[in-house]
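Student: Need coordinates for the below:
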Amino acid sequence: MNYLDLKGLSYHVVLANYIGFNSKGKIEYKKVSNLYIYDKRIRNILYKYLSALEEGIRGFISNTYSNDLKKFKKLSKRIFDLIQQGSSLTKELENLEFNKLIDLSLKLDESLLIHLY
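Tutor: Numbering: from 1, shown residues only. Below you'll find the predicted structure:
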């Protein structure tokens, strides 16, 4: 598999327009390589911070509601019903995709958000 297949044609067009062509009408490989390396480095840094944020949100919700699941029902009736059927809050929070977890955190009582963020 080559990078064109991996990233898609439109990504390479944007990249080519950003880098520009040299005097011979070519794109220098070193410039492309440097951008890929830079992009990868930024993604790795962001991943660490987003992972920490995600874990913090899951832990906060779990710690806040594990002893009072009736209050949690206001956040997610679906998850509450799964817990009632034998699942656990921790398991259901771990199964949430990041965007669903953020949506859930936005439903938290405003007085709790001070401690979360």
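
Student: Find the residue closest to the residue nearest the centre of the chain in space, skipping its chain neighbours.
Tutor: Centroid-nearest residue in the chain, with CA atoms, centre = their mean: residue 98, separated by 5.0 Å. Distances taken as CB to CB, 6 or more residues apart in numbering place residue 54 nearest to residue 98, at 5.9 Å, with adjacent residues excluded. All C-beta atoms are positioned from the backbone trio N, CA, C, and that covers glycine.

Student: Please point out which parts of the helix ranked longest in the chain sit buried.
Tutor: Looking across the chain with DSSP state H, the single longest helix is helix 29-65. When burial is assessed from 16 or more other CB atoms under 10 Å, helix 29-65 yields the following buried residues: 53-54, 57-58, 60-62, 64-65.

Student: Show me the shaky parts of the protein.
Tutor: 1-7, 110-117 (pLDDT under 70).

Student: now do 80
Tutor: 1-22, 25-29, 32-33, 109-117 (pLDDT under 80).

Student: Could you measure from residue 108 over to residue 8?
Tutor: Distance from residue 108 to residue 8, counting by CB to CB, to the nearest Å: 37 Å.

Student: repeat for residue 34
Tutor: Distance from residue 34 to residue 8, by CB to CB: 20 Å.

Student: same deal with residue 102?
Tutor: Counting by CB to CB, the gap from residue 102 to residue 8 is 26 Å.

Student: Same check on residue 83?
Tutor: 41 Å.

Student: unless I'm mixing things up, residue 15 is touching residue 31, no?
Tutor: No. Contact criterion CB atoms under 8 Å: residue 15 and residue 31 do not qualify, at 9.2 Å.

Student: Dump the C-alpha coordinates for stretch 86-103 into PDB.
Tutor: What follows is stretch 86-103, C-alpha atoms only, in PDB (Å, rounded to 0.1, in the frame of the first residue of the first chain):
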ATOM      1  CA  GLY A  86     -26.100  -6.500  35.200                       C
ATOM      2  CA  SER A  87     -23.400  -4.400  33.600                       C
ATOM      3  CA  SER A  88     -21.300  -1.900  35.500                       C
ATOM      4  CA  LEU A  89     -20.800   1.900  35.200                       C
ATOM      5  CA  THR A  90     -17.100   1.400  34.600                       C
ATOM      6  CA  LYS A  91     -17.600  -1.100  31.800                       C
ATOM      7  CA  GLU A  92     -20.200   1.100  30.000                       C
ATOM      8  CA  LEU A  93     -18.100   4.200  30.300                       C
ATOM      9  CA  GLU A  94     -15.100   2.300  28.800                       C
ATOM     10  CA  ASN A  95     -17.300   1.300  25.900                       C
ATOM     11  CA  LEU A  96     -18.300   4.800  25.000                       C
ATOM     12  CA  GLU A  97     -16.600   6.400  22.000                       C
ATOM     13  CA  PHE A  98     -14.800   9.700  22.800                       C
ATOM     14  CA  ASN A  99     -17.500  11.900  21.200                       C
ATOM     15  CA  LYS A 100     -20.300  10.100  23.200                       C
ATOM     16  CA  LEU A 101     -18.200  10.600  26.400                       C
ATOM     17  CA  ILE A 102     -17.900  14.300  25.700                       C
ATOM     18  CA  ASP A 103     -21.700  14.500  25.100                       C
END
